[in-house]
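Colleague: Quick one, structure for this:
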Amino acid sequence: MFDIISTLQYFGITPDKITPLIILAIAGVIYINIVLNSKLNPIDKLLRKCSNAIIEIQTIFKQYGVNLDHKLTETSASPLKPTLYGVRLIKESGLEKILNENKQFFIDEVKKILPQNHTEYDVQEISRQTLISLKNNPILNPVKEYAFQNGMDVDIILRTGGLWLKDDFLGNPRQMSDI
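Modeller: Reported below is the predicted structural model:
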């Protein structure tokens, strides 16, 4: 059996030397974490700007009838669900909290518009339209503020968040893509 105390003593690490060694290791980990964060933060900002630019380009092309169906915020699989990036936008923008705290309000708004013999597809699309139509409601101001601070189109966040509203309406757990 492996005896860790004997092994440490073999290398000259005695109990009186272990505490400084642990403190040094912790300090090293903290230092490396700080250095990596400072180096990776600009890269994260650049990637976020690139993602926003791609979404904006797709939006512009769509206005002219060219549908580039390479969404970053949602899957193209059925049923539609947010990607990890889409979930990040929902959470960081505060939309998740808003949906949680006002679930019945949003469900009632979807019910007002749904046709009588609606399908799950109808629920999906009406949920997305409902959130976008409510963007001037003060309840969604935190999402608009987030979009403004990050140079994004708020409709993208709301449209993606509509997929979670669809899940809420249907009584399903909120889905998320694993890609």
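Colleague: what's the closest residue to Arg48 other than its chain neighbours sitting at in phi/psi?
Modeller: With sequence-adjacent residues excluded and distances taken as CB to CB, 6 or more residues apart in numbering, Arg48 is closest to Asn150, at 7.1 Å. Where you see a C-beta, it was placed from the backbone N, CA and C, and this is true even at glycine. Asn150 adopts backbone torsions of phi -110, psi 10, taken as degrees, to the nearest 10.
Colleague: ok, Asn150 to Gln116 distance?
Modeller: Separation of Asn150 from Gln116 (CB to CB, to the nearest Å): 40 Å.
Colleague: So which of these two has more stuff around it?
Modeller: Between Asn150 and Gln116, Asn150 has the larger neighbour count (other CB atoms under 10 Å), namely 15 against 4.
Colleague: Is Arg48 in contact with Met152, as I believe?
Modeller: No: the pair Arg48 / Met152 is not scored as a contact, 9.1 Å apart, by CB atoms under 8 Å.
Colleague: These two: who's more crowded?
Modeller: A direct count of neighbours by other CB under 10 Å for Arg48 and Met152 places Met152 higher, at 20 against 15.
Colleague: Kindly report the domain assignment for this structure.
Modeller: The record's domain parsing of the chain by automatic domain parsing lists 1-69, 71-170.
Colleague: mean pLDDT lowest for which of those domains?
Modeller: Note on those: domain 1-69 shows the lowest mean pLDDT, a mean of 76.
Colleague: mind checking how far that domain is from the chain centre?
Modeller: Put simply, domain 1-69 sits 19 Å off its chain's centre (CA atoms, centre = their mean, to the nearest Å).
Colleague: mind listing the strands for this protein?
Modeller: Counting by DSSP state E, the chain has no strands to list.
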